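In: One predicted model, sequence on top.
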Amino acid sequence: MSSDRIAVTIIGGYLGAGKTTLLNHLLAAADERVAILVNDFGELNIDASLIDTTAGNTIALPNGCICCSLVDGLGAAMSDIDELDPRPERLVIEASGVADPAGVAAFTHRRGYRLDLVVVMVDGEQFAENAADEYVGETVRGQLAAADLVVVNKTDLMDDAADSRLDELLDRLAPAVPTVRAVNAVIDPAVLLDLTTPAVAPQADHLHDHGVPFETWSYEGGVVDLSRVRAMAEALPRAVVRAKGIVATPQGAQLFQRVGPRWSLTEQVTLGSVPSVTCLVVIGLPGAITENWLEDQLENSH
Amino acid sequence: MAEFTIYCARRVITMNPGLPFAEAVAVKGDRILGVGDLAELQTWGDHTVDESFRHHVITPGFVEAHSHAMTGGMWNFTYLGYFDRRDPDGVLWAGCKTMAEVVARLRESESAMTDPSEPLIGWGLDPIYLKGERLVGHHLDAVSETRPIFIQHASGHLATVNTALLAQEEITESNPTPGIQLGGDGRPNGELQEPAAMSLAITAQRRFRADLSTEASKWNFAFEARNTGHTLITDLGGTPMTDSGVGAWKSVTSSPGFPARVMVAGSFFATPMDPDALAQMVVDLRDNPANDKLKFGIIKLLLDGSIQGFTARISWPYYHNPPEGNAENGIWVMPPETMVDALEAFHRAGLTVHCHCNGDQAAEVFISAVEEVLERHPRWDHRHTVQHCQLTTQSQYARMAALGMHANIFSNHIFYWGDEHAAFTVGPERAARMDACATAERLGVPFSFHSDAPITPLGHLHVMWCAVNRRTASDAVLGPDECISVETAMKAATIDAARQLKLDHELGSIQAGKYADFAILDANPLVVDPTELKHIGVWGTVVGGEKFQAGTSR
């Protein structure tokens, strides 16, 4: 069932942080059927000559993407997208520059959908100023609360002092959220899209092709205690962006997923034999965990 | 054959200061031929005298400059509100005073439905007023255990659904959506709070939404206008500027017998196109009218949320007594720093921009943007309008006057939420100067006022009553120094509203050459006790010389 659900990626962040640029990178990297929702059509700057067809509130782009407007609100647009044929596999919502990504994410726990990732873009040059602004400060600071991943963009325009001031600010506002730095919103798309099954997870060397490098770790083992898995999930450090896998426990197979600071274990229905193989894959900033970290957590006594 | 008709009345209130009162008005075709006494009007030639309004008072048709057409669609669903309310056909629906009455009315609707899978939808429920136990899902199960039931509350921010709907939409206690209320047994009790949770009722919401934008709902909107004395109503945002969105309006307004004129705002949010393209489209629609009943020329923008929802952007000291965990200030619907660019496109195209600003901080952003755009592109007589304008300060009104701006004030708020504003949202001092019509008048800002239907019911007699008396639901007077005279309120309801929409050359007062658009009232608003304004009966309207009696079907 859950694999039939449309994965939702939310891109938040204030004006000028690079949301649309990141959206374009993501679209280029995705080999899924993607639908897009944007709050501000003015900001997206869809060139009229690029539009294939317009039907109702939907605009089809030549690359197969679908753009829906939010005339009747997010819930209504998501209902429309769920009925598209062919049905998209992913919905990317580019939130408005003043939207609260948490408010957008609240709409995703519905029939037909699952929340995958909330990425919040931060304008490295402007963020500190925006965060202190009388008009938009509370909005800008609040946007970080729901982030699974923070991308600090435009780092080429920052000096070291600005860099460390920003670090302090982010440590205070989003202490548990993995934070990566980027120029022109270029980050490895592998962290933006779902980790598929561990068997086809991206390889580390391949990951270094795009902007900020990420590292992957994998684990293969036998049956593990559920309490161990929970402890491991809690202990995964902030620098880990995603983790996913099937865990074989004495009570049965569990799907483990972690995106940013959020994690879950979901019982898997298995027919026939009791599962005996655990495999996990983790992706994060270089050195986020050590080579043997997963093994230590899941196998060795402390 | 007579060439024109003379309507004799108890009184004609013209709202033309040059000739404020008369005994008769002559109408030729869809226009006013003249105003005066019978003998004067007879000098025009062949005529008939129509005595139907002999015992009524004729005023210019009311102009509602902030309403939404979706209000007409609500009547496709079952009304469950506490207060009596009249539907577009003129039928009075008694308020549901108890939970038993709510359930009984739903049963009645349910028994009339044929398709067993069709959701039963109700609206207007206000649990605050229902004594005793709070209405939840299992009470609705008494209406049906199999048909999904969805009840939207009066606030628009809550819904109550039955167990069948919870099951259909897989709404369980493990769903993390904020706002799914749980009962004592730890399971969802049927109450869904705020739009995210409400949107889980996918099928019912779809049905609800589809019915709000039909041609039938536009007719109902116009019937409600007729029943309440309005001859021009606005759809202020909500219509997409697409062939089908605009086409539906062309279709209904071109039909013979459509009982109102409609000004449709170009909506920046309802229309996926860039501001320059939208501006050009609205200019074209304005300059090439499909018929005399359909008007264009204004643009709707939105800056903030609502005061009662604690989402309006207000200045320090912010909210008075907000709910636990509430943010300090409200939300921006559009980034304040994009205001100048958006405004500039429409301003340069010669359009009038109407911007939703409930809070004073939002008004500050809009007023400053108008100032900046005027410096770049000086333009006289733009009439850019602060919509809602609820907490706009004296200094802001002074700037608005200097900049040539108008105000459209949400006076109905005083009755519907005034008590809450004093106690919770902004506190007594700021509540007393909310919706400050008298300040606008003193400082020379031309203004109108509004219902924002369906947020509050369409009806300028009620809005006038609010602006004149400033009485809350608990009958307290909120800021007596902001009360205005009935004469000023009549201007705001007619000629000044028309002026704000740049339609005052053709409607808004009764004088030769303008459309024959009248409200036909049972009593003279300038003479009755001002506390009785909202109780004045409405016979109906005349639109373009055609009579439309309230409460008759099409």
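Out: Done, it's in.
In: ok, which stretches of the stretch 101-250 of chain B are helices?
Out: For the stretch 101-250 of chain B, the helices defined by DSSP state H, counting those that start in this stretch cover B:137-141, B:163-168, B:194-198, B:202-212, B:215-227, B:243-254.
In: For stretch B:346-358, list the C-alpha coordinates in PDB.
Out: What follows is stretch B:346-358, C-alpha atoms only, in PDB (Å, rounded to 0.1, in the frame of the first residue of the first chain):
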ATOM      1  CA  PHE B 346      -1.400  46.900 -12.000                       C
ATOM      2  CA  HIS B 347      -0.900  50.500 -11.100                       C
ATOM      3  CA  ARG B 348       0.900  51.200 -14.400                       C
ATOM      4  CA  ALA B 349      -1.900  49.400 -16.300                       C
ATOM      5  CA  GLY B 350      -4.400  51.900 -14.900                       C
ATOM      6  CA  LEU B 351      -6.200  49.500 -12.700                       C
ATOM      7  CA  THR B 352      -7.400  49.900  -9.100                       C
ATOM      8  CA  VAL B 353      -5.800  47.600  -6.500                       C
ATOM      9  CA  HIS B 354      -7.800  46.400  -3.600                       C
ATOM     10  CA  CYS B 355      -5.600  44.800  -1.000                       C
ATOM     11  CA  HIS B 356      -6.700  42.700   2.000                       C
ATOM     12  CA  CYS B 357      -5.200  44.200   5.100                       C
ATOM     13  CA  ASN B 358      -6.900  43.300   8.300                       C
END
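In: List the buried residues of that stretch.
Out: For stretch B:346-358, the neighbour count (16 or more other CB atoms under 10 Å in any protein chain shown) marks B:Phe346, B:His347, B:Ala349, B:Leu351, B:Thr352, B:Val353, B:His354, B:Cys355, B:His356, B:Cys357, B:Asn358 as buried. C-beta here means a position set from N, CA and C on the backbone, and glycine is covered the same way.
In: Just the ones of these in helices?
Out: If you go by DSSP state H, the buried residues of stretch B:346-358 have B:Phe346, B:His347 in helices.
In: List the contacts of the one helix or strand A:Asn24 maps to.
Out: Using DSSP states H and E, A:Asn24 sits in helix A:19-29. Here helix A:19-29 makes contact (CB atoms under 8 Å, 6 or more residues apart in numbering or on different chains) with A:9, A:11-13, A:34, A:36, A:43-45, A:63, A:65, A:92, A:94-95, A:97, A:119, A:121, A:151, A:153, A:184-187, A:189, A:192-193.
In: just to revisit the earlier point, check the helices of the stretch 101-250 of chain B for me and report the most buried one.
Out: For the helices of the stretch 101-250 of chain B, the largest average neighbour count (mean count of other CB atoms under 10 Å in any protein chain shown) is found in helix B:215-227, namely a mean of 24.
In: That helix close to chain A?
Out: No. Judged by CB under 8 Å from any CB of the partner chain, helix B:215-227 makes no contact with chain A; its nearest approach is 13.8 Å.
In: Can you list the neighbours in contact with that helix?
Out: B:64, B:67, B:69-73, B:75-76, B:86, B:88-90, B:211, B:231, B:233, B:235, B:248-249, B:251-252, B:258-260, B:262, B:453, B:458, B:538, B:540-541, B:543, B:548-551, B:554.
In: Mean confidence (pLDDT) on it, please.
Out: Mean pLDDT, helix B:215-227: 96.
In: Send over that helix as CSV, restricted to the C-alpha atoms.
Out: Extracted C-alpha coordinates of helix B:215-227, given in CSV (Å, rounded to 0.1, in the frame of the first residue of the first chain):
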residue,chain,number,x,y,z
GLU,B,215,-23.4,29.0,-12.5
ALA,B,216,-26.3,28.1,-10.1
SER,B,217,-24.3,29.5,-7.2
LYS,B,218,-23.8,32.7,-9.1
TRP,B,219,-27.5,33.0,-9.6
ASN,B,220,-28.1,32.4,-5.9
PHE,B,221,-25.5,35.1,-5.1
ALA,B,222,-27.6,37.5,-7.3
PHE,B,223,-30.8,36.4,-5.7
GLU,B,224,-29.4,37.1,-2.3
ALA,B,225,-28.4,40.6,-3.5
ARG,B,226,-32.0,41.2,-4.7
ASN,B,227,-33.4,40.1,-1.4
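In: I am finished for the moment; much appreciated.
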